[in-house]
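>>> Requesting a structural model of the entry that follows:
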Amino acid sequence: MASIKSETIILFGEVLVDIFDDRKVFGGAPFNVARHLQAFGLHPVLISRIGNDELGCELLAQIKDANMDDCGIQRDNLHPTGQVMVHLEERGHRFEILPEQAYDFIHAGMADRVSSTICPQLIYFGTLAQRNSISAHALVTLLRSNKAPRLLDINLRKPWYDMHTIKHSLIHADLVKINQEELDVLVPLFRLPGINRVQKAAALIKHFNLDSMLVTCGEEGAWQLGKDSKVTNIDGLVSSRPVVDTVGAGDGFASVYILGLLRGWPIMLTLLRANAFAAALCEIRGAIPDSSDFYGSFIADWKT
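From the prediction side, this is the model:
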């Protein structure tokens, strides 16, 4: 296990392989966010489960090659390393998420033992890994035993979510990251008021006693609404470079948002930097850059 650094983040959820027509890419939102945080000099601890198979070995090798802490990665003899079939369609990517994957069976006791040995400044979790009751129980156990602030990154992938999971996640969250389309889905689901999106976000914050809600809007930028009703908004970036691949851009945004939270950056600056990093990721293929040199200019500019 790597030495514990001061800025430790637990990331709970899926670690998997995106299977494209011509390549395979290791990912999953927690994995992508963790890889970026590691590159920015933080100490991410992934709590997930992979199969005792070839893909699992490759995933573990990638984690070790990135000098990431692998103490929270469980191995499974019965279930395969998570896979997602990615289909490129006219409106973007369609994700076919396979059922009964190793990350659906995260062991609660093993996860709790790992979390008890560290003192995280933040816990990051999503909704996909809660589709199975076993991993959902592991998350509940983790959250009950740890009082660190919680960032919920909502990722609604049909048919792998339900009202119970979303409600339970929001109840246990302090901060929420969501895109504008998902915001439009959630508010009527809970029969909350709101004509425009700021009103909808405010209704969710009030109903679930959240500290803030971050809403990403793709190329249109992002905005955050706090419990104090203050809106911080940034516009999208205009780039002369073509968009190569948008997969993982939201995860890149989340990683810099977390970095800003832990480093105490002003929220406007955090959103601007997160947006710039996400836009840069759209100019390369895949969610994770091939070389750590990609991070160099950001680290230099931000003095992380």
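>>> now Gln74, nearest residue through space, not along the chain?
Arg49 (4.1 Å; C-beta to C-beta, 6 or more residues apart in numbering). Quick note: C-beta positions are derived from backbone N, CA and C, even for glycine.
>>> Let's see whichever strand or helix holds that neighbour as PDB, backbone CA atoms only.
In this assignment (DSSP states H and E), Arg49 forms part of strand 43-51. Extracted in PDB, the C-alpha atoms of strand 43-51 (Å, rounded to 0.1, in the frame of the first residue of the first chain):
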ATOM      1  CA  HIS A  43      -4.000  10.200  -3.200                       C
ATOM      2  CA  PRO A  44      -7.100   8.500  -4.700                       C
ATOM      3  CA  VAL A  45      -8.100   5.100  -3.200                       C
ATOM      4  CA  LEU A  46     -10.400   3.100  -5.400                       C
ATOM      5  CA  ILE A  47     -12.800   0.700  -3.800                       C
ATOM      6  CA  SER A  48     -14.000  -1.700  -6.400                       C
ATOM      7  CA  ARG A  49     -13.900  -5.300  -7.600                       C
ATOM      8  CA  ILE A  50     -12.400  -6.900 -10.700                       C
ATOM      9  CA  GLY A  51     -12.400 -10.500 -12.000                       C
END
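>>> The next helix or strand after that strand to strand 43-51, inter-axis angle?
The C-terminal neighbour of strand 43-51 among helices and strands, as given by DSSP H and E, is helix 54-65. Put simply, helix 54-65 runs at 170 degrees to strand 43-51, going by axes from the mean of the first three to the mean of the last three C-alpha atoms, to 10 degrees.
>>> Averaged pLDDT, helix 54-65. What do you get?
Helix 54-65 shows a mean pLDDT of 95.
>>> before we move on, what about stretch 134-143?
On average, stretch 134-143 scores 97.
>>> what's in contact with that stretch?
10, 12, 47, 49, 103-109, 111-112, 115, 123, 125, 129-130, 150, 165, 168, 172 (C-beta atoms under 8 Å, 6 or more residues apart in numbering).
>>> Filter those down to the buried ones.
For these, burial is judged from neighbour counts taken by 16 or more other C-beta atoms under 10 Å, and it is met by 10, 12, 47, 49, 103-108, 111-112, 115, 123, 125, 129-130, 150, 165, 168, 172.
>>> In strands only, show me the residues you listed.
Ile10, Phe12, Ile47, Arg49, Ile123, Phe125, Arg150 (DSSP state E).
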